[in-house]
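*Asks:* fold the following.
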Amino acid sequence: MSQTAAIPLSGMLDRPVLRGREVTRSETLLAWSVAAIAAVLLGAAILFLSAGGRWFVVETPSMGEAAPVGTLVLDLPVDVAALSVGDIVSFETSANPDVVYTHRIVSIEAGGGLHTRGDVNGAVDPWTLTQADVIGTPALLVPHIGWLLRAAPFLLIGTLIILTLTSAFTDRVTRTCLRIAGGALTTAYAAFVFKPFVNVTTITNTSSPTGVEATVISSGIFPVRVDAHGGNSVHLVDGETGRVVIHELTKNGHYQLTSNIDLDPLGWVALIAVCLVPLVACLAVGRVEAVRPS
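*Replies:* As a prediction, this is how the structure comes out:
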């Protein structure tokens, strides 16, 4: 005679099930937290756009440390009459209608015309701005986030490709580890394309009988040390400018600069820890599967 065991219905209702397994409290809390954050961000975006807000990503180092490359600029409309010297504005000009500039006001004419200049630029911009040219003034400047927005299409496409290719693997550990490795590879490729971490640009260089004096600017997230072959070295953070003097030139009259990440010991520890995240995640997945009751 066969026997069947009765399972209390209340116990089943107390424990939600997802894909054949129980959903833990931590997973439920995480899901609600993500939903709450998404709702807050969506609400803020709706309010921002309804107020006439526009957003841009800084792509050139002209504003130096005030708005380094990769900064997310959130602009709100502004009355030109309310602006003063020193304020930052975003604008378009008829000379370059497809380009949005974000520069600082350096002077205001009696009639209200604005003259602007990038913080690290040597000359004032060759135009006079009016209300029709001004898009707005930054309500918020968020450094580094712009890099993520620029890389978002790469990351999204890469993620979809990885999920599709790994869906054929039925083994949970193999599938999860391949997805973690694929995500790390996709992130590394995006970093290679956009170069958000280390990038140095030469702004000006002046020749002299004894060598060359160059002004350089860092436009990467990490602090760097710029070494001039046959000259001095400078330490730069994101958006900072520095001068190097090169006394030894190549046979062709050129000079060489090299840039390297320049972190303190704690920074190196943090960077190594971040690089080890995919490996640790794969080990954790294997460990959890090993101790899971069959």
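
*Asks:* so, low pLDDT: which residues of this protein?
*Replies:* 1-24, 26-27, 251, 253, 289-294 (pLDDT under 70).

*Asks:* which stretches of the stretch 151-294 of the chain form strands?
*Replies:* With DSSP state E, counting those that start in this stretch, the ranges of strands along the stretch 151-294 of the chain come out as 200-208, 211-218, 224-228, 233-236, 241-246, 257-261.

*Asks:* contacting residues around the first one?
*Replies:* Identification of contacts with strand 200-208 by CB atoms under 8 Å, 6 or more residues apart in numbering yields 61, 120, 122, 212-220, 224, 226, 236, 241, 255, 257, 259. In this view, the C-beta of every residue, glycine as well, is placed from N, C-alpha and C.

*Asks:* what does the last one give?
*Replies:* Contacts with strand 257-261, where a contact means CB under 8 Å, 6+ apart, come from 197-200, 202, 214, 216, 218, 222-229, 244, 271.

*Asks:* on that earlier part again, I'd like the strands of the stretch 151-294 of the chain laid out as JSON lines, including mean neighbour count.
*Replies:* Listed next are the strands of the stretch 151-294 of the chain as JSON lines, based on neighbours: other CB atoms under 10 Å:
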{"stretch": "strand 200-208", "mean neighbour count": "13"}
{"stretch": "strand 211-218", "mean neighbour count": "21"}
{"stretch": "strand 224-228", "mean neighbour count": "21"}
{"stretch": "strand 233-236", "mean neighbour count": "17"}
{"stretch": "strand 241-246", "mean neighbour count": "18"}
{"stretch": "strand 257-261", "mean neighbour count": "15"}
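
*Asks:* for G53, find the nearest of the ones you listed.
*Replies:* G53 lies closest to strand 211-218 among the strands of the stretch 151-294 of the chain, at 28.8 Å (CB to CB).

*Asks:* what's V142 in contact with, if anything?
*Replies:* The neighbours of V142, taking CB under 8 Å, 6+ apart as the test, are 71-72, 74.

*Asks:* which of those has the most neighbours?
*Replies:* Ranked by the number of neighbours (other CB atoms under 10 Å), those place T71 first, at 24 neighbours.

*Asks:* re the thing from before, which one, of the strands of the stretch 151-294 of the chain, ends up nearest to R25?
*Replies:* Closest approach to R25 among the strands of the stretch 151-294 of the chain (CB to CB): strand 257-261, 40.8 Å.

*Asks:* what strands flank the closest one, and is each parallel or antiparallel?
*Replies:* Strand pairing for strand 257-261, determined by DSSP bridges: strand 224-228 (antiparallel).

*Asks:* circling back to that earlier point, list just the nearest of the contacts of V142 to L140.
*Replies:* Nearest to L140, judged by CB to CB, of the contacts of V142 is L74 at 4.4 Å.

*Asks:* am I right that that closest one is in a strand?
*Replies:* Yes - according to DSSP: H, G, I helix; E, B strand; the rest coil, L74 belongs to a strand.

*Asks:* dihedrals phi and psi, the nearest residue to it once chain neighbours are set aside?
*Replies:* Excluding the flanking residues, the one nearest L74 by CB to CB, 6 or more residues apart in numbering is L140, at 4.4 Å. With angles defined as degrees, to the nearest 10, L140 sits at phi -160, psi 140.

*Asks:* and G53, what does it touch?
*Replies:* Applying CB under 8 Å, 6+ apart, the residues contacting G53 are 74-77, 136, 139.

*Asks:* before we move on, the earlier item: of all the strands of the stretch 151-294 of the chain, which one is nearest T170?
*Replies:* Per CB to CB, nearest to T170 of these: strand 257-261, 41.4 Å.

*Asks:* could you give the angle of the closest one to strand 200-208?
*Replies:* Strand 257-261 runs at 150 degrees relative to strand 200-208, counting by axes from the mean of the first three to the mean of the last three CA atoms, to 10 degrees.

*Asks:* quick one, strand 257-261 and strand 241-246 angle?
*Replies:* Relative orientation of strand 257-261 and strand 241-246, computed by the same axes, to 10 degrees: 130 degrees.

*Asks:* still on that earlier bit, just so I know, which of the strands of the stretch 151-294 of the chain lies nearest A191?
*Replies:* It's strand 257-261; of the strands of the stretch 151-294 of the chain, that one is closest to A191 (CB to CB) at 12.8 Å.

*Asks:* contacts for stretch 188-199?
*Replies:* 69-70, 144, 147, 150-151, 154-155, 158, 218-222, 224, 259-261.

*Asks:* can I have the buried ones of these as a ChimeraX selection?
*Replies:* To isolate in ChimeraX the members of the contacts of stretch 188-199 that are buried, counting by 16 or more other CB atoms under 10 Å, one can use:
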select :69,70,147,150,151,154,158,218,219,220,221,222,224,259
